[in-house]
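# The following block contains a protein sequence and its predicted model.
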Amino acid sequence: MKNKRGGMKNINTIIWDWNGTLLNDIELCRNIVNKLLQERGKKLLSTEHYKNIFNFPVRDYYVEAGFDFSKENFSKPADAFISEYNKEIPNAALHQNAEIALERFKNNNFKQIIISAMEHESLIFSIKNKGIHHYFDEISGINNHYAAGKLENAISILNKNNLNPENCCLIGDTIHDHEVAEALGCNCILIAAGHQSYERLLKTGRKVVQNIDQLFDCYFN
């Protein structure tokens, strides 16, 4: 297949986010957080409200959601969330046409990497569970379950693989993905089908698309 890059013709490496970008786990996450809020007698989150407050580090988002860490340690709801999430994540599907996009990038000779704020071994398990492990040249998660961020991992992966940031495009679904791309000095496209709203993502000044289909068609053909 002829390699057509359009406005991204200098890009040869795609850095994917996982949760919310390729994996559609938004409702799974919201439902688990709502269960924890309900146990504490707190107001539940609608999907819209969830996407308007979700953020990194997730501790800050928990506070926005209504958790009171003057009364309990952050680790208590965080550990409960992860325990429930790990049980339910096999039931979360990939976003529609995610694998088609991965195949198209592969056929167009892009290197593909996943850098995630998900714990590394859980990340590997989740990707293998979806049968898409073979699309990626490298997969990198963090060393704990508390989703503080992924910038250090991203820097390490670029250095390890001797990648020029100007030839990379980070594709994610959150403002944090924009911040990581900015720190790396690489391109970035955000997809509004994940954990944060279209309006919030637009404020970053990045290209924002509604779904994975628009991503490829608009910027890599």
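All right, it came through fine.
# could you point out the longest strand in this protein?
If you go by DSSP state E, the chain has its longest strand at strand 111-119.
# who's in contact with whichever helix or strand comes after it?
As assigned by DSSP states H and E, the chain's next helix or strand after strand 111-119 is helix 120-129. Contact with helix 120-129 is made by 18, 23, 86, 89-90, 114, 116, 118, 133, 136, 139-143, 145, as judged by C-beta atoms under 8 Å, 6 or more residues apart in numbering. C-betas here are computed from N, CA, C, even on glycine.
# I'd like the mean pLDDT over helix 120-129, please.
Helix 120-129 comes out with an average pLDDT of 93.
# Check the offset of that helix from the chain's centre.
Distance of helix 120-129 from the chain centroid (C-alpha atoms, centre = their mean, to the nearest Å) equals 14 Å.
# any idea which helix or strand comes after it?
strand 138-142.
# Run me through the strand neighbours of that following strand, direction for each.
In the sheet, strand 138-142 lines up against strand 111-119 (parallel) (DSSP bridges).
# which residues touch the worst-scoring helix or strand of the chain on mean pLDDT?
Ranked by mean pLDDT, DSSP states H and E, the helix or strand of the chain with the weakest confidence is helix 212-219, at a mean of 80. Residues from elsewhere that reach helix 212-219 (C-beta under 8 Å, 6+ apart): 6-8, 95-98, 100-101, 104-105, 171, 189, 191, 193, 207, 209.
# State the distance from Asn24 to Asn153.
To Asn153, Asn24 is 23 Å away according to C-beta to C-beta, to the nearest Å.
# domain parsing for the chain?
6-24+95-219, 26-91 (automatic domain parsing).
# The first one: how far from the chain's middle?
With C-alpha atoms, centre = their mean as the basis, the distance from the averaged C-alpha position of domain 6-24+95-219 to the chain average is 7 Å.
# any chance of the domains of the chain in JSON lines, with mean neighbour count too?
Below are the domains of the chain laid out as JSON lines (neighbours: other C-beta atoms under 10 Å):
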{"stretch": "domain 6-24+95-219", "mean neighbour count": "19"}
{"stretch": "domain 26-91", "mean neighbour count": "16"}
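# quick one: low-confidence ranges for the protein?
For the chain, the stretches flagged by pLDDT under 70 are 1-7, 144-149, 218-221.
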